[in-house]
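Provide a 3D model corresponding to the input given below.
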Amino acid sequence: MHVWLRSGLFFLTFVHTAVGFWTLLFPRSFYEDVPTVDAYPPFNEHLFRDYGAMNLAMAVVLGASAVILERILVYVALTSNLVWAVSHLVFHATHLPHAAAAVLVVALSITAAIPAVLLTFSRGGAWSAGARRQPSRR
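From the prediction side, this is the model:
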């Protein structure tokens, strides 16, 4: 169970890192090269760089949860990712500018399903002693 959970968390970390760096460093390229993004003009460099930074922040939380594999951190990381993924999916599912958007909705459905499935995996099974850290008593 933990192998699948950790692998899924690393996969999500990779996706958010790739999208984050691309959008943060090359916002115009992301706007012009990702299907359907340019269907919502105008281009706003500030907004796209913020979106890139948000993806990198999500990658930090997901990556930390993959490395540490502490139950609460995993739940928070996956729930945060699920909230974002479902919101993103709902927007695109209700704003289909052209036929290519249907393919995007399928892809976004998968991105929403991954954290949902991983949350299900994280609910079952025994967590190791290291995965149940006691709060600091300072």
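
tell me the centre residue of the protein?
residue 81 (4.6 Å; Cα atoms, centre = their mean).

identify the residues contacting it.
The contact partners of residue 81, by Cβ atoms under 8 Å, 6 or more residues apart in numbering, come to 12, 58, 62, 115. No exception for glycine: its C-beta is placed from N, CA and C like everyone else's.

pull the number of nearby residues for the third one.
Residue 62: 28 surrounding residues under other Cβ atoms under 10 Å.

helix or strand: which one has it?
Element membership of residue 62 [criterion: DSSP states H and E] is helix 45-68.

convert the C-alpha atoms of that helix to PDB, please.
Extracted in PDB, the C-alpha atoms of helix 45-68 (Å, rounded to 0.1, in the frame of the first residue of the first chain):
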ATOM      1  CA  GLU A  45       1.800  37.400 -17.100                       C
ATOM      2  CA  HIS A  46       1.300  38.100 -13.400                       C
ATOM      3  CA  LEU A  47      -1.600  35.600 -13.200                       C
ATOM      4  CA  PHE A  48       0.400  32.900 -15.000                       C
ATOM      5  CA  ARG A  49       3.500  33.400 -12.900                       C
ATOM      6  CA  ASP A  50       1.400  33.200  -9.800                       C
ATOM      7  CA  TYR A  51      -0.200  29.900 -11.100                       C
ATOM      8  CA  GLY A  52       3.300  28.600 -11.700                       C
ATOM      9  CA  ALA A  53       4.300  29.500  -8.100                       C
ATOM     10  CA  MET A  54       1.200  27.800  -6.800                       C
ATOM     11  CA  ASN A  55       2.000  24.600  -8.600                       C
ATOM     12  CA  LEU A  56       5.600  24.700  -7.200                       C
ATOM     13  CA  ALA A  57       4.100  25.200  -3.700                       C
ATOM     14  CA  MET A  58       1.800  22.300  -4.200                       C
ATOM     15  CA  ALA A  59       4.800  20.200  -5.400                       C
ATOM     16  CA  VAL A  60       6.700  21.000  -2.100                       C
ATOM     17  CA  VAL A  61       3.800  19.800   0.000                       C
ATOM     18  CA  LEU A  62       3.200  16.700  -2.100                       C
ATOM     19  CA  GLY A  63       7.000  15.900  -2.200                       C
ATOM     20  CA  ALA A  64       7.300  16.300   1.500                       C
ATOM     21  CA  SER A  65       4.400  14.000   2.100                       C
ATOM     22  CA  ALA A  66       6.000  11.400  -0.300                       C
ATOM     23  CA  VAL A  67       9.300  11.500   1.500                       C
ATOM     24  CA  ILE A  68       8.000  11.700   5.100                       C
END
